[in-house]
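> After the sequence you'll find the predicted model.
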Amino acid sequence: MDPNVKRITRVPRKCMAFGLAFLAVGLPFLFAFLTVPQRGDWATPDNVAILVGVLVVLVLLGAILVSVRVGAMVDRQQRTITIWWGLLVPFHKTEHPFSQAHFVTISREERIAPKQSYEVFPVRLEGVGTDAVTIHEPLDHDKARRLAEDVANFVHLGMRDRSSGQEVARDAGELDLSLQQRLRRAGRSRPLPVQPPQARTIFNYGGTRAPTTIEIPPVGRSVLVREFWRMIFIACPVALFFELNSYNKGNMEIGVVGVASLFLLFLVIFLPLLIRSAILREHLIVSPDDLVVSQRDIFGTKTTRLTSGEIEEVEVTQAKWGMSYGFAVIGGGTDRVAIRSDHGSIELGAALSNPEEVKWLSDVLVHVLTSGSRDAGGKRPRLTDRRHST
């Protein structure tokens with residue numbers, strides 16, 4: 001293996017899924033036709049040959065799809081990046097030169113597919129006056145960030161993270177520096193911001209001698225009740241449509257079962273999310289040395305500790321989506337404070353609906369983490385993550 005060449009190979013998800021489906025259907029039937037004697041009027045030699053031929057084509061197509069690979073080869077000595085595709089090995093290659101003026105970028109984009117849309121975080125190699133070269137499009141920001149850092153470190157280029165809506169620039173040679181180290185090297189500091197009016201956050205500033213505590217209370221039971229009835233109001237027209245449709249067809253029993261199933265599905269899926277959103281409480285203890293985050297909800301209490309030497313970015317970003325995050329958290333906004341390190345990221349402020357308060361929380365964390373700090377000596381302890389039931 002050439003140490004000056006970095007190879008990035010990945011399997012397209014759709015090709016793998018369709019390939020495995022074709023193999024799952026074709027192989028069993030092909031094995032059955034070849035090993036078990038076929039009986040019946042239809043089992044003439046010509047019919048069996050046609051069916052076996054179709055199954056062989058299906059298996060071959062599945063094997064081809066499973067073998068599809070795409071990737072990139074980054075040559076730091078020749079200063080080229082080669083994008084390729086093929087079956088297990090490259091068949092087609094496209095070479096792009098780059099220079100020290102290039103940089104690696106991360107962005108956040110929406111993809112529209114039939115009946116769904118999803119977000120991706122493309123990692124690209126960009127330069128002024130040249131076309132951007134897409135290296136990969138992960139679905140997860142942490143994976144995209146690790147890949148971008150890996151490539152940028154390998155070719156000693158800077159990195160630009162645009163996934164939050166604002167560009168976070170990090171120069172070559174500074175990718176592994178903590179936020180604390182970067183601000184100290186640049187001679188910059190973040191002043192303590194003024195808490196916005198009508199803020200919900202309980203803030204106890206400890207200065208440089210004592211830890212600062214920040215508590216974000218849950219949105220409360222009243223919001224849960226309000227959002228529950230809102231969900232019921234949204235579900236009612238759908239239920240009424242099912243009922244009227246079944247009435248027109250003269251089958252009321254099916255309509256009643258459909259409506260009951262719909263509401264049961266609503267309770268099973270959305271009610272836990274509503275409850276989690278209403279009782280989610282976040283407690284932070286932050287100092288120039290570390291940050292301890294405790295998030296308590298219906299699933300228990302999750303405690304995460306990050307040392308200041310491993311926190312690389314603190315920024316305002318859009319919330320993650322998914323079951324574990326309760327989709328758009330009830331009573332909260334779409335902005336979150338993202339704390340990023342090489343081991344992963346944490347999102348805070350789920351119950352905050354005021355964007356100014358989310359921005360204030362981000363500025364407070366940066367101020368405390370970078371003020372009156374002691375040099376961590378470049379050590380990067382591992383992130384610890386503990387969850388216990390309550």
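In hand now; what should we look at?

> if you skip the residues just before and after it, what's nearest to Val59?
Closest residue in space to Val59, ignoring its immediate chain neighbours: Gly26 at 4.0 Å, by CB to CB, 6 or more residues apart in numbering. To be clear about C-beta, it is placed using only N, CA and C from the backbone, and glycine gets the same treatment.

> Then Ile214?
Leu284 (4.1 Å).

> circling back to that earlier point, how deep is the residue nearest to Val59 tucked in, by neighbour count?
Using other CB atoms under 10 Å, Gly26 has 20 neighbouring residues.

> Also Ile83?
Counted with other CB under 10 Å, Ile83 comes out at 19.

> For it, what is the enclosing helix or strand?
strand 80-87 (DSSP states H and E).

> which other helices and strands contact that strand?
Applying 3 or more CB pairs under 8 Å, 6 or more residues apart in numbering; DSSP states H and E, one finds that strand 80-87 contacts strand 68-75, strand 89-97, strand 133-136.

> what comes into contact with the helix or strand that comes right after the longest one?
Sequence-wise, the next helix or strand downstream of strand 89-97 (DSSP H and E) is strand 103-106. With contact meaning CB atoms under 8 Å, 6 or more residues apart in numbering, strand 103-106 is reached by 121-127, 132, 141, 144-145, 148, 151-152, 157-163.

> Try it again at 10 Å.
Strand 103-106 is contacted from outside by 98, 121-128, 132, 134-135, 138, 141, 144-145, 147-155, 157-164, 167-172, 175, using CB atoms under 10 Å, 6 or more residues apart in numbering.

> do stretch 16-25 as well
11-12, 30, 55, 57-68.

> Convert it to PDB, retaining C-alpha atoms only.
Extracted as PDB, the C-alpha positions of stretch 16-25 are listed here (Å, rounded to 0.1, in the frame of the first residue of the first chain):
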ATOM      1  CA  MET A  16     -26.800  -3.200  -2.000                       C
ATOM      2  CA  ALA A  17     -30.400  -3.300  -0.900                       C
ATOM      3  CA  PHE A  18     -31.700  -4.200  -4.400                       C
ATOM      4  CA  GLY A  19     -28.900  -6.700  -5.000                       C
ATOM      5  CA  LEU A  20     -29.600  -8.600  -1.700                       C
ATOM      6  CA  ALA A  21     -33.400  -8.600  -2.500                       C
ATOM      7  CA  PHE A  22     -32.700 -10.100  -6.000                       C
ATOM      8  CA  LEU A  23     -30.400 -12.700  -4.500                       C
ATOM      9  CA  ALA A  24     -32.900 -13.600  -1.700                       C
ATOM     10  CA  VAL A  25     -35.600 -14.200  -4.300                       C
END
